[in-house]
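Q: Make a model of this:
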Amino acid sequence: MKKGFYTIIAAQFVSSLADNALLIAAIAMLAVVHSAPWITPLLQIFFTISYVVLAPFVGAFADALQKRHVMFISNALKAAGCAMMIAGVHPMIAYGVVGLGAAAYSPAKYGILTELLPPQKLIPANAWLESATVGSTILGTVIGGALVSQVVTRWVSHAHLPFVSTAAHAALFAVMLIYASAAVINVFIPDTGARYPNLLNEPTKLVHDFSRCFKVLWKDKLAQIALWVTTLLWGAAVTLQLLVLKWADANLGLSLSKAAVLQGVTGVGIALGAAAASAWIMLRQSLKVLPVGVLIGAVAVAMAFYNKDMFPAGAGVHFGPLFAPAYILMAYPLMIALGGLSGFFIVPMNAILQHRGATLLSAGHSIAVQNFNQNLAVLAMLGAYALLLTTNVPVQWIIVVFGVFVCLMMALAMRRHTRNERETDLVALVEE
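A: Residues are numbered from 1 along each chain as shown. Model prediction:
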């Protein structure tokens, strides 16, 4: 890998760690302000809106500046969102500011890889990036859970610190410092030398150009399938991230801090799956993993019916003075399987989409279109989740609905891909 690649990975690790810890802290803050359960998905909706509304502009923003500078600005915005939440701004509004930074960060994060590396290095690079993201997801969710635990709550009650009245406030302070650290690392990323025309002063042209880019990717026989399935999986993954917390409470009786560990375990699976994809899947073979998408939906459905009542009371394993209930120990392989399939699936799909997008468009514009589609799916699925929560549908049936939907949409994508293979030489498109 070229000089600077591992600095990018380090910056992504730290920023993503803060992202995942912040989600747990923000959910804890909703409890502090006594929000209704259906407000939780709205938290993510406010975060995601920036991705959709600013989609025509963030690609141009990422291309107008050096991407290392874009990443620095983005992390500064995320830190500002944390400060707003600490200052008493409603978590939804403050989380929306964090989303603004994240929307600008994403095209720069992925686009800089296509500027720095040749196409044949994209799958290994994506595996590194996804593994770093997953590692930070594991650590971030565990740290987030620890920061809102009863231990921190007791410490805060005795510390009498300014602006810190709850564990959620302490967690937000810690996350803000982590974002600041990520911004510092961004400064040390080298200049890739890539330069694009600055279109920021022509917003009408940007909207027209984004519309053109949108159509180009969706009409391309290779890009459209990768865009289809990554859009679907991203929407489902963000929704399931919240559903896992709800499921852990309803089916396993776990608190928020303990449920966050399950998210971390899922992250272990994603890292293993991403590593396997990097080792076994070449760029030209990327679309051969499509059947794995159906398995992801099937595992989600199986997860819905898993609960602690499946095990005898008191069943578990003693580790010295510690006791691990059997229903928690057996939940780990299930979460690892869900994460492993997802990691194995998403790495080659992202790589083929990045390569094809950079060939047809520019790195920044391609990623912006991808983010627009993925986050539109997030808004739709989170909206559906919030609606189902207002009707008091049990969480297991909500998971079943999402799992079956993923299976059906993945099957349709496979059918469309088969038709495309008959009409077009897709291998030739990969090698362009």
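
Q: Quick check: next helix or strand after the helix or strand where Leu334 lies?
A: Using DSSP states H and E, Leu334 sits within helix 331-360. Next in sequence after helix 331-360, counting helices and strands by DSSP H and E, comes helix 363-390.

Q: List the contacts of Ile189.
A: Neighbouring residues of Ile189 by C-beta atoms under 8 Å, 6 or more residues apart in numbering: 4, 7-8, 11, 67-68, 71, 112. (Each C-beta comes from the backbone N, C-alpha and C, glycine too.)

Q: returning to that earlier point: quick one, the helix holding Leu334 and helix 363-390 angle?
A: Inter-element angle recorded for helix 331-360 and helix 363-390: 140 degrees (by axes from the mean of the first three to the mean of the last three C-alpha atoms, to 10 degrees).

Q: Next, the buried residues of helix 331-360.
A: Of all the residues in helix 331-360, those buried under the rule 16 or more other C-beta atoms under 10 Å are 331-332, 334-360.

Q: Give me the distance from that helix to the chain's centre.
A: Computed by C-alpha atoms, centre = their mean, to the nearest Å, the chain-centroid distance of helix 331-360 equals 11 Å.

Q: Stretch 388-405 now?
A: How far stretch 388-405 lies from its chain's middle: 21 Å, per C-alpha atoms, centre = their mean.

Q: middle-most residue in this structure, spatially?
A: By C-alpha atoms, centre = their mean, the chain has its centre lying nearest to Val238, at 6.4 Å.

Q: separation between the closest residue to that one other than its chain neighbours and Ala194?
A: Among residues not flanking Val238 along the chain, Val378 sits closest, at 4.8 Å (C-beta to C-beta, 6 or more residues apart in numbering). Val378 sits 29 Å away from Ala194, going by C-beta to C-beta, to the nearest Å.

Q: neighbour count winner among the two?
A: Taking other C-beta atoms under 10 Å, Val378 and Ala194 do not tie; Val378 has more neighbours (26 against 16).

Q: Just want to check the distance between that one and Ile93.
A: From Val378 across to Ile93, the span is 18 Å (C-beta to C-beta).

Q: which regions of the protein lie under the pLDDT threshold?
A: Residues of the chain meeting the criterion pLDDT under 70: 1-2, 363-364, 425-432.

Q: All the strands of it, residue numbers only.
A: 316-319, 322-325 (DSSP state E).

Q: Next up, the contacts around the residue nearest to Thr192 when sequence neighbours are not counted.
A: Nearest residue to Thr192, sequence neighbours excluded (C-beta to C-beta, 6+ apart): Glu115, at 4.1 Å. Residues counted as contacts of Glu115 (C-beta under 8 Å, 6+ apart) are 67, 192-194, 363.

Q: could you redo the last one with a cut-off of 10 Å?
A: Taking C-beta atoms under 10 Å, 6 or more residues apart in numbering, we find Glu115 in contact with 63, 66-67, 191-196, 358, 362-364.
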